[in-house]
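*Asks:* curious how this folds, go ahead:
(3 chains)
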Amino acid sequence: MKSYRKELWFETTQRRQFVNITSHVEACLRESGINEGLVLVNAMHITASVFINDDEGGLHHDMEVWLEKLAPEKPYSQYQHNGYEDNGDAHLKRQIMGREVVVAITKGKLDFGPWEQIFYGEFDGMRKKRVLVKIIGE
Amino acid sequence: MKSYRKELWFETTQRRQFVNITSHVEACLRESGINEGLVLVNAMHITASVFINDDEGGLHHDMEVWLEKLAPEKPYSQYQHNGYEDNGDAHLKRQIMGREVVVAITKGKLDFGPWEQIFYGEFDGMRKKRVLVKIIGE
Amino acid sequence: MKSYRKELWFETTQRRQFVNITSHVEACLRESGINEGLVLVNAMHITASVFINDDEGGLHHDMEVWLEKLAPEKPYSQYQHNGYEDNGDAHLKRQIMGREVVVAITKGKLDFGPWEQIFYGEFDGMRKKRVLVKIIGE
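*Replies:* Numbering: from 1, shown residues only, chains lettered A, B, ... in the order given. Below you'll find the predicted structure:
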């Protein structure tokens, strides 16, 4: 069994932003030399997500509006977590969107359906944060 | 390390439908000959889910009502994604219910608690769509 | 490839409660002797979650309030699942918070960012329930 590890660093320009990281994960996979196995891609921070969905701007807009409805950023005072911080909403949004994805590796490729793309979902950005890529297989 | 891959195809009769796929995944596991490892089961489409919960009709009704409350299908105009499509809600429902499950394999069986069952959750059905089963182990 | 399996048992004192189980998972990892691989940690019951977030009391209070807003416990009659049971809400809360986490193992440690902690999320407690820890690797 082989294993591979890499950290990807991101600093978004907005508080909330979705970044397509599929090509970064594909580069990791090539570097690993692993042909059959599983890749785990997870946010290393608890106010961010990694998720798989469509790379379509209208949908990303819809997600932003929807997440703000389910777990609004403001007023900050609605969250007890916001004593020293203002990111209570980001911890909740990340639960909806998920921490991680696990993707099959088959014949050296991400084993994806036609529209699957991997996104870093930032909910408390404008600072450096990390994603972990861990691959195991042969 | 051994690996195994299979696609399961589904065409639901309704736009939204839950299908118990546990026996399909168990058949894959037997075919794989793997006794210890992990199985990844994921929707290959971004308007569908794979999730684990109870096989109880009342609960599935509750989930349908609940998901329609959190991310209603209509009016279609509420989602920017719905320029050429009408499935904006399906992309959101799938985020709540999740893309994938990872299940332990122990002594050649799905290592489940008493009520765990694997479901394909369709949110934009009535057409052929796929689930991926990938098993790694020994 | 090595594999390791352990069940962790919990009996919470409240219907809903979050328990930090990180040290339990770390003990499993030491016992396994596995240095590189993946650990799956999942609730074996369908009214409980395993998730990763911050170990901060204010946030846990916010999560409780938020989950009660998204999927209220009462009135029990709002859920068809509640014919013989009263835990319809718990099945829904568990979908938001997730069944499982998969964590990378690197150099014999949980490969975590600075604030990541693993929680057992109980939504229908005050009885004995289990979490499964499965580790594969070398």
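
*Asks:* what ranges does chain A have for its strands?
*Replies:* Along chain A, the stretches classed as strands by DSSP state E are A:2-10, A:17-20, A:37-43, A:48-53, A:100-106, A:109-110, A:117-122, A:129-137.

*Asks:* redo those strands as CSV? Include mean pLDDT and mean neighbour count.
*Replies:* C-beta here means a position set from N, CA and C on the backbone, and glycine is covered the same way. What follows is those, written out as CSV (pLDDT from 0 to 100; neighbours: other C-beta atoms under 10 Å in any protein chain shown):
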stretch, mean pLDDT, mean neighbour count
strand A:2-10, 98, 16
strand A:17-20, 98, 16
strand A:37-43, 98, 25
strand A:48-53, 98, 25
strand A:100-106, 98, 23
strand A:109-110, 98, 15
strand A:117-122, 98, 24
strand A:129-137, 98, 23
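
*Asks:* stretch A:42-62 near chain B at all?
*Replies:* Yes. Using C-beta under 8 Å from any C-beta of the partner chain, stretch A:42-62 reaches chain B at A:51, A:52, A:53, A:54, A:56, A:57, A:58, A:59, A:61, A:62.

*Asks:* buried subset of those residues, written for PyMOL?
*Replies:* Burial among the residues of stretch A:42-62 next to chain B is assessed by 16 or more other C-beta atoms under 10 Å in any protein chain shown; the matching PyMOL selection reads:
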select buried, chain A and resi 51+52+53+54+56+58+59+62
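
*Asks:* quick check: closest non-adjacent residue to whichever residue of chain A sits closest to chain B.
*Replies:* Nearest residue of chain A to chain B, counting by C-beta to the nearest C-beta: residue A:113, 3.0 Å away. Closest residue to residue A:113 apart from its sequence neighbours, by C-beta to C-beta, 6 or more residues apart in numbering or on different chains: residue B:44 at 3.0 Å.

*Asks:* isn't the one you found right next to residue B:130, touching?
*Replies:* Yes. Taking contacts as C-beta atoms under 8 Å, residue B:44 lies within contact range of residue B:130: 4.3 Å.

*Asks:* just want the most central residue of chain A.
*Replies:* residue A:50 (1.9 Å; C-alpha atoms, centre = their mean).

*Asks:* around chain C, pick out the residues from chain A.
*Replies:* Counting by C-beta under 8 Å from any C-beta, chain A sits next to chain C at A:1, A:3, A:5, A:38, A:40, A:42-46, A:70-71, A:79-83, A:88, A:91-92, A:94-96, A:98-100, A:102, A:130, A:132, A:134, A:136.

*Asks:* let's see that with 6 Å instead.
*Replies:* A:1, A:3, A:5, A:40, A:44-46, A:79-81, A:88, A:91-92, A:95, A:99, A:102, A:132, A:134, A:136 (C-beta under 6 Å from any C-beta of the partner chain).

*Asks:* other SSEs contacting the longest helix along chain A?
*Replies:* Criterion DSSP state H: the longest helix present in chain A is helix A:57-70. Judged by 3 or more C-beta pairs under 6 Å, 6 or more residues apart in numbering or on different chains; DSSP states H and E, the packing partners of helix A:57-70 are helix B:88-97.

*Asks:* the helix it packs on close to chain A?
*Replies:* Yes. Against chain A, helix B:88-97 shows contacts by C-beta under 6 Å from any C-beta at B:88, B:91, B:92, B:95.

*Asks:* what about the second one, neighbour count?
*Replies:* If you count neighbours by other C-beta atoms under 10 Å in any protein chain shown, residue B:91 ends up with 23.

*Asks:* distance-wise, check it relative to residue A:115.
*Replies:* 10 Å (C-beta to C-beta, to the nearest Å).

*Asks:* do the last one as well
*Replies:* Computed as C-beta to C-beta, the residue B:95 to residue A:115 distance reads 14 Å.

*Asks:* more neighbours: the two, which one.
*Replies:* Neighbours were counted for residue B:95 and for residue A:115 using other C-beta under 10 Å; residue B:95 has more, 23 against 14.

*Asks:* per-residue pLDDT, the more buried one?
*Replies:* For residue B:95, the model assigns a pLDDT of 98.

*Asks:* also residue A:107?
*Replies:* For residue A:107, the predicted pLDDT is 98.

*Asks:* and for residue A:83?
*Replies:* At residue A:83, pLDDT is 89.

*Asks:* how much space between it and residue C:68?
*Replies:* 21 Å.

*Asks:* those two: which is more packed in?
*Replies:* residue C:68 (14 against 11).

*Asks:* next up, the contacts around the more buried one.
*Replies:* Listed by C-beta atoms under 6 Å, 6 or more residues apart in numbering or on different chains, the contact set of residue C:68 is empty.

*Asks:* what is the burial count for residue A:34?
*Replies:* Using other C-beta under 10 Å, residue A:34 has 21 neighbouring residues.

*Asks:* show the backbone phi and psi for it.
*Replies:* Dihedral pair for residue A:34: phi -90, psi 130, per degrees, to the nearest 10.

*Asks:* quick one, what contacts the nearest residue to it once chain neighbours are set aside?
*Replies:* Counting by C-beta to C-beta, 6+ apart, residue A:34 lies nearest to residue A:137, which is 4.3 Å off, once chain neighbours are set aside. By C-beta under 6 Å, 6+ apart, residue A:137 lies in contact with A:34, A:36, A:37, A:105.

*Asks:* for chain C, what is the nearest residue in chain A?
*Replies:* Chain A approaches chain C most closely through residue A:44 (3.0 Å), counting by C-beta to the nearest C-beta.

*Asks:* that residue: neighbour count?
*Replies:* A count of nearby residues for residue A:44, using other C-beta under 10 Å, gives 21.

*Asks:* isn't it up against residue A:130?
*Replies:* Yes. At 4.3 Å, residue A:44 counts as touching residue A:130 under the criterion of C-beta atoms under 6 Å.
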